[in-house]
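Novice: Provided below are the primary sequence and the corresponding predicted coordinates.
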Amino acid sequence: MSMIVGYCRIGPLEPIERLDAQKRHLAAIGAQEYFCEKASVFGKMPELERAIESARKGDVIAITKPYRVARSTRGVLAVIERLGRKGAGLRILGTPIDTSTTTGRMILGSAPLWSLGASPLRSALWDLSIGRWHGQ
């Protein structure tokens, strides 16, 4: 049986209440299990890794914003690809992106990549410079 898994992450300076707010938004769409963490200064996301590892065919990992799983468009696409290899999807709340549906995959394929949540300038700068330097 497929499941909606919520992934919540806050930055090092964000208040812990933001995790609760994310969980409420994800619960509203039916998330049954949650992986939550506070970002480290080193960029490691062990709970995201656990969520991806636990995903089974038909499952969907739901997030509130794309920057919760990656710092660049390329990073978000890498998460989508990893989940796709497992037969799982990624749903980004507040966007039409839901790779577990045909429509969501079609929109992802036809939308500008910066529509994943970062501004076109920020996404381009990250992908062209900083993202490459960090190997993302």
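Specialist: Okay, I see it. Keep in mind that what you see is a predicted model, and the values were worked out from it rather than measured. Numbering: from 1, shown residues only.
Novice: now the strands for this protein?
Specialist: Ranges of strands in the chain, per DSSP state E, are 4-10, 33-38, 60-63, 89-92.
Novice: Just checking, which helix or strand of this protein averages the lowest pLDDT?
Specialist: Sorting the helices and strands of the chain by mean pLDDT, DSSP states H and E puts helix 131-133 at the bottom, at a mean of 42.
Novice: ok, now which ones touch the residue nearest the centre of the chain?
Specialist: For the chain, the residue sitting closest to the mean C-alpha position, by C-alpha atoms, centre = their mean, is residue 69 at 4.0 Å. Neighbouring residues of residue 69 by C-beta atoms under 8 Å, 6 or more residues apart in numbering: 7, 9, 45, 48, 63, 75-76, 79, 90. C-beta here means a position set from N, CA and C on the backbone, and glycine is covered the same way.
Novice: one more time with 10 Å, if that's ok
Specialist: 7, 9, 45, 48, 51-52, 61, 63, 75-76, 78-80, 90, 92, 116-117 (C-beta atoms under 10 Å, 6 or more residues apart in numbering).
Novice: Now, of these, which are buried?
Specialist: 7, 9, 45, 48, 51-52, 61, 63, 75-76, 79-80, 90, 92, 116-117 (16 or more other C-beta atoms under 10 Å).
Novice: nearest to residue 37, of those residues?
Specialist: Comparing those against residue 37 with C-beta to C-beta places residue 9 closest, at 5.4 Å.
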